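Visitor: sharing a sequence plus its predicted fold:
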Amino acid sequence: MLYDPALLPAPRYIADHGGGPLTRTAEQEQRYRAMLARAEVIFDFDRGHATDLREVAPRLKWLQATSAGIGQYVKKNGLDKTGVVFTTSSGVHARPLADFCTMAMLMFAKDYFGMQRDQRARHWERTCAEDLSGKTLAIVGVGNVGLEVARQAKCFDMRVLGIARATTEAPNVDEFYTRTQLRDMLPQADYLVLIAPHTPETENMIGGAELALMKPTAVFINIARGTLVDEDALIAALREGRLAGAALDVFRTEPLPPESPLWDMPNVIVSPHSASTVRKENARITALFCENLRRYLDGQPLLNVLDTNLLY
């Protein structure tokens, strides 16, 4: 095992596995390249060698990523043509992402934003909120995360609808729709959770026409990728009261530009692509890597192998 923390970015926060900016000296870069040249397995991408990974690591056979959604990154950098096997961290982030969705649904149901306004104004007035029981949750992308979102929703006695590429039956999902039936599902949703991977098929899948089908009381939650949504259409729907609110962990441009109107909208939760980040995250990813390493050494199939055609 080759490891030299001096050659890696320093973590910016607990459980950070990307690190901040790093400038290596010429001597450090030479040492680092010498390590890569020997590597048969790499734990996570090196962002500084995204396009020349095959050249600097000619012996590389397998790379374990720390993210679930690596398909577009692999394709953009031409890594899908290298013959390297990539495995994702799919499943590791299911619980924290589902927790974020549940938090958002409860915040809107219980009118947290109204309570916050009244608290700041030191205004006391009794109000009436909603509960989640009997509400309809629609999940676009019922994979590991979607199943956990559905499980938590059932704890609140919600009705759960779902869309998945291959699944037509799953625990805690009351009814499945196909991708082509998306517009049939949207009008029923009190809460819409978007979890689908970013592929050519899903890009811009939620636009003005889809948002127009939703209830004006509905809430949109995106923990997938910002590129799946027409952000301008979403902003317009929120401004015009055609959608009650949104909880967004991902955006078309990240970091979210300071001039984005989403920052100041009273019915929007802005999360800095951190809904999946919890203190135990790196420990869970490391445990997955160790399991895959045992499988690799034993010649067994690896978990979470990226399909470079489907991009997930």
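Guide: Nice, I can see it.
Visitor: what about E169, how many neighbours?
Guide: The tally of other residues near E169 (other CB atoms under 10 Å) stands at 8. Placement of C-beta: from N, CA and C, glycine included.
Visitor: so what's it closest to, chain neighbours aside?
Guide: Leaving aside its chain neighbours, E169 sits nearest to F176 (7.0 Å; criterion: CB to CB, 6 or more residues apart in numbering).
Visitor: so how far is the helix or strand containing the one you found off the chain centroid?
Guide: Under the criterion of DSSP states H and E, F176 resides in strand 175-177. Its chain's C-alpha centre and that of strand 175-177 lie 22 Å apart, by CA atoms, centre = their mean, to the nearest Å.
Visitor: alpha carbons only: can I get the next helix-or-strand element following it in PDB?
Guide: Using DSSP H and E, the helix or strand that follows strand 175-177 in sequence is helix 182-185. Extracted in PDB, the C-alpha atoms of helix 182-185 (Å, rounded to 0.1, in the frame of the first residue of the first chain):
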ATOM      1  CA  LEU A 182     -43.600  10.600 -15.600                       C
ATOM      2  CA  ARG A 183     -46.300  13.100 -16.600                       C
ATOM      3  CA  ASP A 184     -49.000  10.800 -15.300                       C
ATOM      4  CA  MET A 185     -47.200  10.600 -11.900                       C
END
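Visitor: and helix 182-185, what's buried?
Guide: Neighbour-count burial for helix 182-185, counted by 16 or more other CB atoms under 10 Å, picks out L182, M185.
Visitor: which elements pack onto it?
Guide: Judged by 3 or more CB pairs under 8 Å, 6 or more residues apart in numbering; DSSP states H and E, the packing partners of helix 182-185 are strand 159-163, helix 208-212.
Visitor: is it possible to get a markdown table of the ones you listed that adds distance to D99, mean neighbour count and mean pLDDT?
Guide: Converted to a markdown table, those look like this (distance: least, CB to CB, whole Å; neighbours: other CB atoms under 10 Å; pLDDT from 0 to 100):
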| stretch | distance to D99 | mean neighbour count | mean pLDDT |
| --- | --- | --- | --- |
| strand 159-163 | 17 | 23 | 98 |
| helix 208-212 | 25 | 16 | 98 |
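Visitor: residues contacting the residue nearest to L132 when sequence neighbours are not counted?
Guide: Among residues not flanking L132 along the chain, F156 sits closest, at 3.9 Å (CB to CB, 6+ apart). Residues near F156 by CB atoms under 8 Å, 6 or more residues apart in numbering: T102, D131, L132, S133, K135.
Visitor: go ahead and build a ChimeraX selection from the buried members of those residues.
Guide: Remark: buried members of those, expressed as a ChimeraX selection using 16+ other CB under 10 Å:
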select :102,132,135
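Visitor: next step: the contacts of F156 restricted to strands.
Guide: Using DSSP state E, no member of the contacts of F156 falls in strands.
Visitor: which parts of the stretch 201-312 of the chain are strands?
Guide: Along the stretch 201-312 of the chain, counting by DSSP state E, counting those that start in this stretch, strands occupy 219-222, 245-248, 268-270.
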